[in-house]
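need a structure here:
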Amino acid sequence: MENKNFYSLSPLYEDLFNFPFFDKVNHHQTMKTDIEENDTNYLLSIDVPGFKKEDIEISLDDGYLVIKAQIKKAPHENHNTYLRKERFYGTYTRSFYVGNFDLECIEAGLHDGVLYVSIPKDCCKKENRKFVQIK
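This is a model prediction of the structure:
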């Protein structure tokens, strides 16, 4: 018996699923980050679309600045049949090695879906874990 794949069943399916809408999903789309440096600071601009500041946690753990954003509930699901579902509900995490800074020196703000984090270069070193308040 010949093994046929799903797409060979009908030209309709072949055309439909080869449409660019169904291209492979890049699962690293969330929390894309730009890192800049000036004379006094390191500046991170992190995409966090759809998140509120209450959904985001910034911490320092073993020299890594950890950005964690969480969507706690999935929106009400309707009873439609999905052809594709790409929205993710859960936790996104990014981490960056920065050494052991005092997190009280680090400033963070959220504006239009972008989290801005400023790390002063001359920030004193400290070994304990804390969280950064987002303004």
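
only C-alpha atoms for contact and neighbour calcs from this point on.
Fine.

helices of this protein, start to end?
If DSSP state H is used as the criterion, the helices of the chain fall at 11-17.

kindly check the end-to-end length of stretch 45-56 for me.
Between the start and the finish of stretch 45-56 there is a gap of 14 Å, counting by CA to CA, to the nearest Å.

contact partners of it?
Where contact means CA atoms under 8 Å, 6 or more residues apart in numbering, the residues beyond stretch 45-56 that reach it are 30-35, 67-71, 110, 112-117, 134-135.

mind pulling up the pLDDT for Val88?
Actually, residue 88 is Phe rather than Val. The predicted local distance difference test score for Phe88 is 73.

burial count for it?
Taking other CA atoms under 10 Å as the neighbour definition, Phe88 ends up with a count of 11.

if I look at it, how far off is Asp55?
In this view, Phe88 and Asp55 are 14 Å apart by CA to CA.

and if you look at Val117?
Computed as CA to CA, the Val117 to Asp55 distance reads 16 Å.

with Lys72 instead?
According to CA to CA, Lys72 and Asp55 sit 8 Å apart.

those two: who's more crowded?
Counted by other CA under 10 Å, Lys72 and Asp55 do not tie: Asp55 has more neighbours, with 14 against 10.

pLDDT score for the more buried one?
The predicted local distance difference test score for Asp55 is 93.

count of neighbours near Asp34?
Considering only other CA under 10 Å, Asp34 is surrounded by 11 other residues.

pLDDT at it, what is it?
Residue-level pLDDT assigned to Asp34 equals 96.

quick one: the closest residue to Gly113 other than its chain neighbours from Lys121, how far?
Residue nearest to Gly113 in three dimensions, not counting chain neighbours: Pro49, with 4.3 Å by CA to CA, 6 or more residues apart in numbering. Pro49 sits 28 Å away from Lys121 when distances are taken as CA to CA.
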